[in-house]
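Visitor: Coordinates for the following, if possible.
(4 chains)
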2 protein chains.
Amino acid sequence: MSTIQDVARHAEVSVSTVSNALNGRVDRMRPETLARVEAAIRALGFRPSTLARQLKTGHTPLLGLLVPSLANPMYSFIAREVEACAQERFDYRLLIGSTYRDPAKEAAFFEDLLTHGVRRVIVISSLADEGHVESAARRGMALVSYDRRATPGQASGVAHVAPDNFAAAQLATRHLIEHGHRRLAFVTVAGMTMSRRDKIAGFQAAAAEAGGDVRAQVLDGGTLDEYGDSVIAEVGRASALRLAALPAAQRPTGLVALNDLMALGLMAGLREAGLQVPADVSVVGIDGLFLAALSNPGLTTVRLPVREMAQAMVERAVQAEAEMPDDRVFAPAGLVVRESVGAPRR
Amino acid sequence: MSTIQDVARHAEVSVSTVSNALNGRVDRMRPETLARVEAAIRALGFRPSTLARQLKTGHTPLLGLLVPSLANPMYSFIAREVEACAQERFDYRLLIGSTYRDPAKEAAFFEDLLTHGVRRVIVISSLADEGHVESAARRGMALVSYDRRATPGQASGVAHVAPDNFAAAQLATRHLIEHGHRRLAFVTVAGMTMSRRDKIAGFQAAAAEAGGDVRAQVLDGGTLDEYGDSVIAEVGRASALRLAALPAAQRPTGLVALNDLMALGLMAGLREAGLQVPADVSVVGIDGLFLAALSNPGLTTVRLPVREMAQAMVERAVQAEAEMPDDRVFAPAGLVVRESVGAPRR
DNA sequence: ATGAAAGCGCTAACAT
DNA sequence: ATGTTAGCGCTTTCAT
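Guide: This is a model prediction of the structure:
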């Protein structure tokens, strides 16, 4: 690797001239000089070290991304969009870390980012409290948190980007109601996060607006001890089995799943128990993963505007100095109707 | 952020003493001095900057990972294992990049890594030629390439880790043959890579060993122009439609898919065309994604030892100086039997 | 046992 | 228009 010194020597100019050329201050030199510098750069295959540059400027074109688990298709889809946007629009690279819902891992990730000079981070955390995130913000990081909203009346130094979970669940639930379902369940996992609370509220609001004969229950499928890849789907499968054990006359006929992975697990469990989707039970998911199109029956789901949210997060993180709204909520991109919802048996 | 200077001042020692303490050269100072330094570090919440350290030592604890697309569940699963291993065993963080099969993006990623001082990289590339990779190796990077083997008689400076694709496809094909299938097809996409070639060879070898009445064809489902998330599945769907259009007496009854995503697409297309899996057509995948367990019917697939391969790659990349085999091939972890394979209709 | 000082590759005043 | 130089935070000889 050649250095700026080598270039200066080769072009027979000083390092500052090379530096000026490198940083677009080309008006400060004769075109001819610039040409010589550029020729030298090309001849030597010189690339300035971000490292040395950063030591001086205190700034590095690296974006931190914290996800619960890369093996969860929703998170890897978000990661993909974040990476693409960061790279194409801002020339930033992605430093990624998984936490598996472990507070210690999360804290360690922030430490390492600090150490690496990374000062812009997007956090997708399922941890209940935002403590680490806020303390990182206090240490001067530009933080954007996904799927979470600001605690009211409390400036946290953290920006928030989230889907409109209320609207998404409401949309899903209305779809079920329109198909004639009256016994509804929202299937979730143990642990209440803000986003889950919103989905449940949307679910209940849709049920309420449909009138008195609609029964809407929330089904908590159990704990996610270890945040594995398939656990949410496994919880869905277990919930399906519990549902199937109910007498048919009591069993909910319309299920809103916490997300697509849960819906997929639900369908697998239902099938295992000998129940048909949608003949016996209808299922609708939330997320809009492309995998939902491959299931059998195809999963009807609420698509979230992942690309738009990813762009918003990247913009907010990278242009932290700019004046921008601190909190953005994105309406669902719409309902993708496939085959997992039908009229209830009567 | 406090610096080593602050610590030195606070502990009333010189920076070199602090540096020595930081780097485990504690035998060079009185225990009492060490204690003072440690107290100062704690008091100030000091964390040495990897950055400055790296500028001096030329080494950074960052591992580059190049994948075709994070949205492909197999790659994100590998990424997850790579990240976990790199972090837990070596305290390395992951700098990730997607290429979408674009040589320019791939080259740009290497450039950026160099610029960031990253000198160890794991490459999962579907690009035909390994040119960029080898040139990066020549520039001093420690490279490990996944799912590809060394070109014989050509020291490339690149280490290779790959599943035994031949054995995997052979295992899948034998399973079909054991169930009585005689008309077999291997379903792939356009473009021949080394790993695809090996899978096809394994498929054909299994067919050949089964005797003369077995017909084994290779079905190329078309191009992957843009390396999107679902494209392989889409190609599978399209291939299924073509297959379904064939007269039943000629149609292959047993399908080996290039990978699980392709198998999932195949099953979706078959269903769309009104064909039953496994009654009309049996399907077996390769990869062992957890998603294969959620499909309907559950996908029978050959599980690849992803964690073991990820560990091997990380070890090789991080301990590049150590003497280790340059090429490792991993046997499949076994066949996961679910419901997508049955006896052919007769 | 401890400290002084020379860089690592670059940027940005501040000269000239 | 171009050059000199002082750091950025750390490691590492080499002195003391």
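Visitor: is chain B contacted by the helix or strand hosting A:Ala268?
Guide: For A:Ala268, the host element (DSSP states H and E) is helix A:260-272. Yes - Helix A:260-272 is in contact with chain B by C-beta under 8 Å from any C-beta of the partner chain, via A:Leu264, A:Gly265, A:Met267, A:Ala268, A:Arg271. Heads up, the C-betas are built off the backbone N, CA and C, glycines and all.
Visitor: name the helices or strands packed onto that helix?
Guide: helix A:73-90, strand A:183-188, helix A:231-245, strand A:254-257, strand A:282-287 (3 or more C-beta pairs under 8 Å, 6 or more residues apart in numbering or on different chains; DSSP states H and E).
Visitor: show me the contacts for the spatially most central residue of chain A.
Guide: For chain A, A:Ile78 is the residue whose C-alpha lies nearest the centre (C-alpha atoms, centre = their mean; 4.6 Å). By C-beta atoms under 8 Å, 6 or more residues apart in numbering or on different chains, A:Ile78 lies in contact with A:Val67, A:Ile124, A:Tyr146, A:Val306, A:Met309, A:Ala310.
Visitor: Work out the gap between the helix or strand the fifth one falls within and the centre of the chain.
Guide: If I follow you right, that is A:Met309. Secondary structure assignment for A:Met309, by DSSP H and E: helix A:306-318. For helix A:306-318, the separation from the chain centroid amounts to 10 Å (computed by C-alpha atoms, centre = their mean, to the nearest Å).
Visitor: per-residue confidence averaged over it?
Guide: Averaging pLDDT along helix A:306-318 yields 96.
Visitor: From the contact counts, what lies against it?
Guide: Using 3+ C-beta pairs under 8 Å, 6+ apart, helix A:306-318 sits against strand A:62-67, helix A:73-90, strand A:120-123, strand A:142-146, strand A:158-163, strand A:327-330.
Visitor: Return the list of strands paired to the third one, each annotated with direction.
Guide: For strand A:120-123, the paired strands and their directions (DSSP bridges) are strand A:62-67 (parallel), strand A:142-146 (parallel).
Visitor: what's the spacing between it and its chain's center?
Guide: 11 Å.
Visitor: what's around A:Gly221, how many residues?
Guide: Close neighbours of A:Gly221, defined as other C-beta atoms under 10 Å in any protein chain shown, add up to 26.
Visitor: Kindly report the same for A:Arg307.
Guide: 16.
Visitor: hang on, the earlier thing: nearest to DNA strand D, of the helices and strands packed on helix A:306-318?
Guide: strand A:62-67 (16.5 Å; C-beta to the nearest atom of the strand).
Visitor: in the stretch 51-200 of chain A, what spans have low per-residue confidence?
Guide: A:126, A:128, A:152-156 (pLDDT under 70).
Visitor: Redo the helices and strands packed on helix A:306-318 as CSV? Include distance to DNA strand C.
Guide: Listed next are those as CSV, based on distance: least, C-beta to the nearest atom of the strand, whole Å:
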stretch, distance to DNA strand C
strand A:62-67, 16
helix A:73-90, 17
strand A:120-123, 18
strand A:142-146, 19
strand A:158-163, 26
strand A:327-330, 31
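Visitor: quick one: which of these is nearest B:Leu22?
Guide: strand A:62-67 (23.4 Å; C-beta to C-beta).
Visitor: wait, what's in contact with the closest residue to A:Pro297 other than its chain neighbours?
Guide: Nearest residue to A:Pro297 in three dimensions, chain neighbours excluded: A:Glu339, at 3.7 Å (C-beta to C-beta, 6 or more residues apart in numbering or on different chains). By C-beta under 8 Å, 6+ apart, the contact set of A:Glu339 is A:Pro278, A:Pro297, A:Gly298, A:Thr300.
Visitor: if I look at A:Thr300, how far off is B:Val82?
Guide: A:Thr300 sits at a distance of 35 Å from B:Val82 (criterion: C-beta to C-beta, to the nearest Å).
Visitor: between these two, who's got more neighbours?
Guide: Ranked by neighbour count (other C-beta under 10 Å), A:Thr300 and B:Val82 place B:Val82 first, with 29 against 24.
Visitor: Pull the residues that contact the stretch of helix or strand A:Ala108 belongs to.
Guide: Using DSSP H and E, A:Ala108 sits in helix A:103-115. For helix A:103-115, the external contacting residues (C-beta under 8 Å, 6+ apart) are A:64, A:66, A:95, A:97-99, A:119, A:121, A:125, A:127, A:132, A:135-136, A:139, A:141, B:1, B:47-51, B:93.
Visitor: Is that helix positioned near DNA strand D?
Guide: No - residues of helix A:103-115 are not located near DNA strand D by C-beta under 7 Å from any atom of the strand, the shortest gap being 8.5 Å.
Visitor: What is the distance between that helix and the centre of its chain?
Guide: With C-alpha atoms, centre = their mean, you get 19 Å for helix A:103-115.
Visitor: circling back to that earlier point, let's see which of the contacts of helix A:103-115 end up in helices.
Guide: Counting by DSSP state H, the contacts of helix A:103-115 place A:His132, A:Ser135, A:Ala136, B:Thr50, B:Leu51 in helices.
Visitor: The fourth one: neighbouring residues, count only.
Guide: When you say that, I think you mean B:Thr50. 21.
Visitor: Contact partners for it?
Guide: A:Thr115, A:His116, A:Gly117, B:Thr60, B:Pro61.
Visitor: Could you do the second one as well?
Guide: Contacts here follow C-beta under 8 Å, 6+ apart; on that basis A:Ser135 touches A:Phe110.
Visitor: follow-up on the earlier one: mind checking which of the contacts of B:Thr50 are buried?
Guide: Among the contacts of B:Thr50, those classed as buried by 16 or more other C-beta atoms under 10 Å in any protein chain shown are A:Thr115, A:His116, A:Gly117, B:Thr60, B:Pro61.
Visitor: what's the most distant pair in the residues you listed?
Guide: Largest separation among the buried ones among the contacts of B:Thr50 by C-beta to C-beta: A:Gly117 and B:Pro61, giving 13.1 Å.
Visitor: hang on, the earlier thing: what residues of the helix holding A:Ala268 count as buried?
Guide: Result for helix A:260-272 [16+ other C-beta under 10 Å]: buried residues A:Asp260, A:Leu261, A:Met262, A:Ala263, A:Leu264, A:Gly265, A:Leu266, A:Met267, A:Ala268, A:Gly269, A:Leu270, A:Arg271.
Visitor: between that helix and strand A:282-287, how many degrees?
Guide: 160 degrees (axes from the mean of the first three to the mean of the last three C-alpha atoms, to 10 degrees).
Visitor: Report the contact partners of the nearest residue to A:Arg303 once chain neighbours are set aside.
Guide: Using C-beta to C-beta, 6+ apart and skipping residues adjacent in sequence, the residue nearest A:Arg303 is A:Gly288, 2.9 Å away. Contacts here follow C-beta under 8 Å, 6+ apart; on that basis A:Gly288 touches A:Asp260, A:Thr301, A:Val302, A:Arg303, A:Leu304, A:Val306, A:Ala333, A:Val336.
Visitor: what does chain A put close to DNA strand D?
Guide: Near DNA strand D, when you scan chain A using C-beta under 7 Å from any atom of the strand, you find A:12-17, A:20, A:27-30, A:32-33, A:52, A:55-56.
Visitor: Now with 6 Å, please.
Guide: When proximity is defined by C-beta under 6 Å from any atom of the strand, chain A lies next to DNA strand D at A:Val13, A:Ser14, A:Val15, A:Ser16, A:Thr17, A:Arg28, A:Met29, A:Arg30, A:Thr33, A:Leu55, A:Lys56.
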